[in-house]
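just need the structure, nothing else, for what follows:
(chains A and B)
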Amino acid sequence: MDIQYFVPKQNDHKHLFRKTKPLLPFSRSVVDFVSQFSSKVVADPGLKAYKELIALGFWMRKGSIQNYQKTFEIKNKGKIKLARGTVFHIAPANVDTIFIYSLFISLLMGNSNIVRVSTQAGQQTELLIHALNDLLDEKRFAHLQEQIQIVSFGHNTEILKKISAICDARVIWGGDETIGLISSTPISPKAIDIKFANKLSFTLLNGKQIDPLNDKEIDSLAIKFVNDSYSFAQMACSSPRFVIWMNGTEAIQKRFWDAVEKQLDSYDHQLTDMNMINKIVFSYSLAIERDILFRSTQSNYLMIIRTDLQTAFCSCSHCGSGLFFESNIDRLDALSPFLNRDFQTVSYYGFEKNVLIEWVANNLNGIDRIVPVGQALDFYPVWDGFDLSEMLTREVTVL
Amino acid sequence: MIQNIEFFFNLESPYYLAKEQKRTALDSCLKDLDKYHYNKCPPYKRIVDALDGQSSGIYLPVRLFKEFELMSISSEQILKTLMSSGTTSQKVSKIYIDKITATNQTKALVKIIQHYMGKARLPMLIIDHPDVIHNSASFSARGAGIRGLWTFGRNHTYALDNEMQINHDAIDAFCEKFKHQKKIVFGFTFMVWKYFIQSLEAMGKGIDLQDSILFHSGGWKKLQQEAVDNNTFKSKTTQITGIKHIHNFYGMVEQVGAIYVECEKGYLHAPAFSDIKVVDPATMNELPFHQSGVIAVESILPLSYPGHRLLTEDIGSIIGEDDCKCGKKGKYFIIHGRLKQAETRGCSDTMH
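I've put the predicted structure just below:
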C-alpha cells in the first residue's frame, strides 16, 4: 500500500489500521509531552526563523496547557468526560501548523490519533515531524508512540476507507471538494465527522481611533497586520483578505497603508514572481468585470483594490499573496447582509468589545471569531464555532 | 493614429538602429498605441482607468488573452484569430488580427528573415506533417508559425507524413533536386529534435542539407525534460544533417511578426520593431543586464488588439545592447525557461 510513515518512524499498515486504547483527558504524560514539545520548538535555534512555529510553541507552553485544563475542568465540573477513542485528522495543505493543533488538542483529551498530512506539505511540517520523532524517541514518552501516528498518502480511497472505518471521530480540514470526497467515505455509525471547511476573513479598522496614533503606534499596528496577512502567503482561512474602514478618511488610510508597506520592506514574505503575476492577472481581470480603483503602492507586494462592499465580499476568494480589497462603511450593520457561513475571522482595531458583541449577538449570519489585529492566526480550541474539547470527548451520565 | 510606424518599415535593416534612436522612435510609437487601444478596446480602458494614471504604459499579462476577448476592432474586421494553448491551463489565448495588423506583421517578419537568408525565396523543407496547416479557420501556434515563414520558401516540402514518420522519398527528392543550392528548413524546436534529428539518428541515417539555414522556435520546455540544451541541439543537428546555420527564435502568438532571432553568437536579438525588458514583476522595474527576471515585450505591430506591451511568464536575462560580437545592434538576451506556476496552497487542495 502506498503509505508514507512519518511518526512513528517504524510503522506498518497492520498497526495503522488497528484501534489503540485511549488515555484519560489531560493525563500527566501527555501534558508533559505537549509542554516539552513546546519548549523544544521555542528553544530550537533552527526554528527561530519560523514565526508560525514560535506561535505554536507559545500556544502550548506549560502555563497555557494548565489554563486550558482548568477551563476544561470548570466547564465540566461534576461530569464524567472521557476520550472518544481513535481520532483521524486530515490536515490541510495551506497551513503547515494546523495538524499539530488538531493533534495536540485531541491528544490532551486522551484520544489515540492518526494524522494524514498533505503530500504537498511544506518545510514546516517536516520540521514539526522531526521534532515529534525526537521527543517520542525519549524513553519517558515511548508509550505515546501508540497514540500518535502520522502518515501521508495520495488519492488512495482504500487507505482512507480503512482508517475511516476504525476511527471514532474524523477531523477534516479542507476545501469543499476535499470535504465532499472524504465525507463520502463512510465512518462507523457511532463515529462523528468534524469539518473545518475553507473560510474567508477580513479586517475592520476604525479610522477615528487610528488617526491619533503616533508613528511608533501605527508601525506596531502595521506589523501586526502584516503578520496576520503575509504568514502562509495570505492563504490561511484566517488571513484577512480585505479591509473595511469605519470613519476612514483618505489621509488616515494612506498613512496606514504606507506603514504597512514600510513594514513589508523587512518582512520575509517569500512571495515569488509568479505570485506577483497571478495578482496582476487577477486584479486586471477584476478591473474588466467590476468597478474598482487601484490604490497606488510602491510595489506589487502590497496590492490594494478599492471597491464597494458587494465586490469585496463576492470576489475575495482570490489568490492572496498580499492582495487586499478596501471598502468604507458608516455603521457595522452595513456589513450584516453580506455575511454568511463562509466568513470566519474578523480582526479589528479601534472598536469597543461590547459594540462588537452587540453586533454579533443580534443574530449575525456568519463570523466565527472576532480578535484584535495581530491575533488573526492564533489558534484557539474553539474554532469555526466548534469547541474541540467538547467534540473530541464523550460524556458519560451516571444517575 | 500611430505616427512613427512607417519609419520602422522603411529601415534598411532591423538591426542597425542604435539604442537612443530606437528608444525615442519606439517610445513615441508605443505611447500612441497606449492611447489608441485606450480609445478602441473597452476592457483595456477599464484596466487603465482602474489604475488611474498610476503607471504610464501598462503591460498586460499574456494570460489575460486566455480569459478575455481583447480586441481594438469590430468583429467584422477580424481577418483571422490566432490561438495558442498554454502549457499550464486548458484555456486558449485568442488573438484577433485584422488586415493592417496582418500586413504589418508580415512586413516586419520579411525584414527580419531577409537579414538572415537574403531576398530570394529558397526551397523550403518543413519539419512537420502536411495536415498541420489545414485547419484554416483557426490557426494553431504551429500552423501559424509555418504559414508565417511560408512566403520565404518555394517548392515547399514536408519532411514528415501524417503519422509523424520521416518521409524519406520526399526528403531525398528535395535534397537531390536542390543539391548545392541554398535552402531553408523550418520547424518547431521539439518537432525538429524528436521527429527529425532523433529519428534520423535512430535509423543511422544522415542526410545532406549542408547548404541550408534552419529556423526553429516554440520553446525548450519539452527538450529541457530530456536535458537537451541549445548547444546539444546545434551540434547534433549539424552532425546528422550538415546544417551549419541554425537559428532559434523567440516569439509568441501574442506578438507575431517581430520575432527575436538567435545570432551566430548564440544570443536572441531584438529587432527594431520590438524590444525586450527583463523586469521584477513586483515593481515592473527593469533589472540590470545579466540578472535573471521576467520577460516583458514591446512591439509596434499590434493594432487590432492591445498587445503592444506584454508581461510574459518567461524568464531570461539581457546580455547587452548594441555591442553583440555578431555586429547587430539592439538588445541581445537569453531565455532560461518559464516561471513555475506557484504552488496553489489553498485550503481546497488537502487531498493532494
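
now residue B:309. Its backbone dihedrals?
phi -130, psi 120 (degrees, to the nearest 10).

that one - nearest residue in space that isn't next to it in sequence?
If the residues on either side of it in the chain are set aside, residue B:309 comes closest to residue B:59, at 4.6 Å by C-beta to C-beta, 6 or more residues apart in numbering or on different chains. From N, CA and C alone the C-beta is placed, and that goes for glycine too.

now that neighbour: how far from residue A:307?
Between residue B:59 and residue A:307 the distance is 23 Å, computed by C-beta to C-beta, to the nearest Å.

same check, this time on residue A:325
Here residue A:325 is placed at a distance of 6 Å from residue A:307 (C-beta to C-beta).

and those two? which has more neighbours close in?
When residue A:325 and residue A:307 are compared for neighbours, residue A:325 comes out ahead with 27 against 22, by other C-beta atoms under 10 Å in any protein chain shown.

give the contact list for residue 60.
I'll assume chain A. Residue A:60 makes contacts with A:34, A:35, A:37, A:38, A:104, as judged by C-beta atoms under 8 Å, 6 or more residues apart in numbering or on different chains.

chain B, not that one
A:284, B:44, B:47, B:70, B:306, B:307, B:309, B:310, B:311.

same check, this time on residue A:210
Applying C-beta under 8 Å, 6+ apart, the residues near residue A:210 are A:218, A:221, A:252, A:255, A:256, A:349, A:350.

in strands, which of those residues fall?
residue A:349 (DSSP state E).

looking at the contacts of residue A:210, which one is closest to residue B:179?
For these, the residue nearest residue B:179 by C-beta to C-beta is residue A:256; the value is 75.8 Å.

skipping its backbone neighbours, what lies nearest the closest one in space?
Distances taken as C-beta to C-beta, 6+ apart put residue A:210 closest to residue A:256, at 6.2 Å, once the chain neighbours are dropped.

give me the number of residues near residue A:97?
Using other C-beta under 10 Å, residue A:97 has 24 neighbouring residues.

how close does it get to residue A:378?
Distance, residue A:97 to residue A:378, using C-beta to C-beta: 11 Å.

neighbours of whatever residue of the stretch 101-250 of chain A ends up closest to chain B, how many?
Nearest residue of the stretch 101-250 of chain A to chain B (C-beta to the nearest C-beta) works out as residue A:175 at 2.5 Å. By other C-beta under 10 Å, the residues close to residue A:175 number 22.

kindly report the same for residue B:169.
Using other C-beta under 10 Å, residue B:169 has 9 other residues around it.

in what helix or strand does it lie?
Using DSSP states H and E, residue B:169 sits in helix B:168-177.

which parts of that helix are buried?
B:170, B:171, B:174, B:175 (16 or more other C-beta atoms under 10 Å in any protein chain shown).

tell me what the helix or strand immediately after that helix in the chain is packed against?
The C-terminal neighbour of helix B:168-177 among helices and strands, as given by DSSP H and E, is strand B:183-188. Counting contacts by 3 or more C-beta pairs under 8 Å, 6 or more residues apart in numbering or on different chains; DSSP states H and E, strand B:183-188 packs against strand B:122-127, helix B:141-150, strand B:212-217.

go ahead and confirm residue A:174 touches residue A:95.
No - contact criterion C-beta atoms under 8 Å: residue A:174 and residue A:95 do not qualify, at 11.2 Å.

pLDDT below threshold where in the chain?
Picked chain A for this. A:1 (pLDDT under 70).

not quite, I wanted chain B
B:1, B:3, B:85-90, B:134-140, B:342-352.

outline the domain layout of it.
According to automatic domain parsing, chain B comprises the domains B:1-94+B:267-339, B:98-250.

quick one: the strands in the stretch 101-250 of chain A?
Secondary structure of the stretch 101-250 of chain A by DSSP state E, counting those that start in this stretch: the strands cover A:112-116, A:148-152, A:169-173, A:192-196, A:200-206, A:240-246.

nearest residue to residue A:230 in space, please, no chain neighbours.
Once flanking residues are discounted, residue A:230 sits nearest to residue A:269: 4.5 Å by C-beta to C-beta, 6+ apart.

and that neighbour, what does it touch?
Residues in contact with residue A:269, defined by C-beta under 8 Å, 6+ apart, are A:230, A:233, A:301, A:322.

quick one: which of those residues is most hemmed in?
Greatest neighbour count in these, by other C-beta under 10 Å, goes to residue A:322: 26 neighbours.

tell me who's in contact with it.
Neighbouring residues of residue A:322 by C-beta under 8 Å, 6+ apart: A:229, A:230, A:234, A:264, A:269, A:271, A:275, A:279, A:300, A:301, A:302, A:303.

so how far is residue A:343 from it?
Per C-beta to C-beta, residue A:322 is found 20 Å from residue A:343.

picking that back up, what's the closest of the contacts of residue A:60 to residue A:139?
Using C-beta to C-beta, the contacts of residue A:60 come closest to residue A:139 at residue A:37, 16.0 Å.

now do that closest one against residue A:118, distance only.
21 Å.

same check on residue A:207?
For residue A:207 relative to residue A:118 (C-beta to C-beta), the value is 40 Å.

and those two? Which one has more around it.
In this view residue A:207 and residue A:118 are compared by other C-beta under 10 Å, and residue A:118 has more residues nearby, 24 against 20.

within the helices and strands, which one has the closest residue in space to the more buried one that isn't next to it in sequence?
Counting by C-beta to C-beta, 6+ apart, residue A:93 is the residue found nearest to residue A:118 once chain neighbours are left out, at 3.8 Å. Counting by DSSP H and E, no helix or strand carries residue A:93.

do me a favour and get the backbone dihedrals for residue A:93.
phi -90, psi -20.

so how far is residue A:152 from it?
Using C-beta to C-beta, residue A:93 is found at 11 Å from residue A:152.

same deal with residue B:253?
The gap separating residue B:253 from residue A:152 is 40 Å, by C-beta to C-beta.

in helices, which of the contacts of residue A:269 appear?
Using DSSP state H, the members of the contacts of residue A:269 that fall in helices are residue A:230.

can you tell me which of the strands of the stretch 101-250 of chain A comes nearest to residue B:219?
strand A:148-152 (34.0 Å).

tell me the domain ranges of chain A?
A:4-197+A:384-396, A:200-372.

look up phi and psi at residue A:52.
Dihedral angles for residue A:52 - degrees, to the nearest 10 - are phi -60, psi -40.

what about it, how many neighbours?
Neighbour number of residue A:52 under other C-beta under 10 Å is 18.

around chain B, which positions in the stretch 251-399 of chain A sit nearby?
A:271-278, A:280-281, A:284-285, A:287-288, A:292-294, A:296, A:298-301, A:319, A:321 (C-beta under 8 Å from any C-beta of the partner chain).

in strands only, show me those.
Mapping these onto strands (DSSP E) picks out A:293, A:294.

out of the residues of the stretch 251-399 of chain A next to chain B, which end up buried?
Listed as buried from those are A:271-278, A:280-281, A:284-285, A:287-288, A:292-294, A:299-301, A:319, A:321; burial here means 16+ other C-beta under 10 Å.

at the geometric centre of chain B, which residue do we find?
Nearest to the geometric centre of chain B sits residue B:251, at 1.5 Å (C-alpha atoms, centre = their mean).
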